[in-house]
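Q: missing the sequence, but the structure's below:
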């Protein structure tokens, strides 16, 4: 649902996000496309004018936003960050990631598969440093490396 927090995140309003979170706003609401606030923050971060989204993402994670929620395309916020090539988002999410973030996603791919296919060595390195497995096979029987 589109809440005040949703619009504060979408518009990159750090002060309002902070105020709403301090006053008990729920961090795990889902919009009509199945996206969580983490998905939204990652998607907005790819816009050029967005300088505050890394901080917003961190605040949401600190307040317990679930990094394992899948959107309608079966992407977690981490996968979405990899697809968009947002290294700061990847690093922020990894800081709070659980083992469940390292499971398979679309087409039996992990975030590491996606980063490799997109030739994002910076993201591949960040994922490997966080113990992502190098030998997982996707639906086409390909490993990430």
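A: Received the coordinates, thanks. Computed from a predicted structure; not experimentally measured.
Q: so which strand or helix has residue 38?
A: helix 37-45 (DSSP states H and E).
Q: got the angle for the helix or strand that that helix is followed by vs helix 37-45?
A: Downstream of helix 37-45, the next assigned helix or strand under DSSP H and E is helix 53-62. Angle of helix 53-62 versus helix 37-45, following axes from the mean of the first three to the mean of the last three C-alpha atoms, to 10 degrees, is 170 degrees.
Q: can you tell me what sits against the helix or strand bottoming out on mean pLDDT in the chain?
A: In the chain, no helix or strand scores lower on mean pLDDT, DSSP states H and E than helix 87-96, which sits at a mean of 78. For helix 87-96, contacts defined as C-beta atoms under 8 Å, 6 or more residues apart in numbering pick out 38, 41-42, 45, 53-54, 57-58, 61-62, 67, 77-78, 81-82, 101, 111, 120, 122-123, 126-127, 130. In this view, the C-beta of every residue, glycine as well, is placed from N, C-alpha and C.
Q: how about residue 41, what does it touch?
A: Residue 41 sits next to 9, 53, 56, 57, 60, 77, 89 when contact means C-beta under 8 Å, 6+ apart.
Q: which among those residues gets closest to residue 140?
A: For the contacts of residue 41, the residue nearest residue 140 by C-beta to C-beta is residue 77; the value is 24.5 Å.
Q: for that closest one, which non-adjacent residue is spatially closest?
A: Spatial nearest neighbour of residue 77, excluding adjacent residues (C-beta to C-beta, 6 or more residues apart in numbering): residue 38 at 3.8 Å.
Q: quick one, phi psi at the closest residue to residue 3 other than its chain neighbours?
A: Spatially, and ignoring its direct neighbours in sequence, residue 3 is nearest to residue 29 (5.5 Å; C-beta to C-beta, 6+ apart). With angles defined as degrees, to the nearest 10, residue 29 sits at phi -70, psi 150.
Q: what stretches of the chain score poorly on pLDDT?
A: 1, 46-51, 97-108 (pLDDT under 70).
Q: tell me the spacing between the residue most central in space within it and residue 131.
A: Centroid check for the chain by C-alpha atoms, centre = their mean gives residue 77 as the closest residue, at 2.4 Å. Distance of residue 77 to residue 131, computed by C-beta to C-beta, to the nearest Å: 18 Å.
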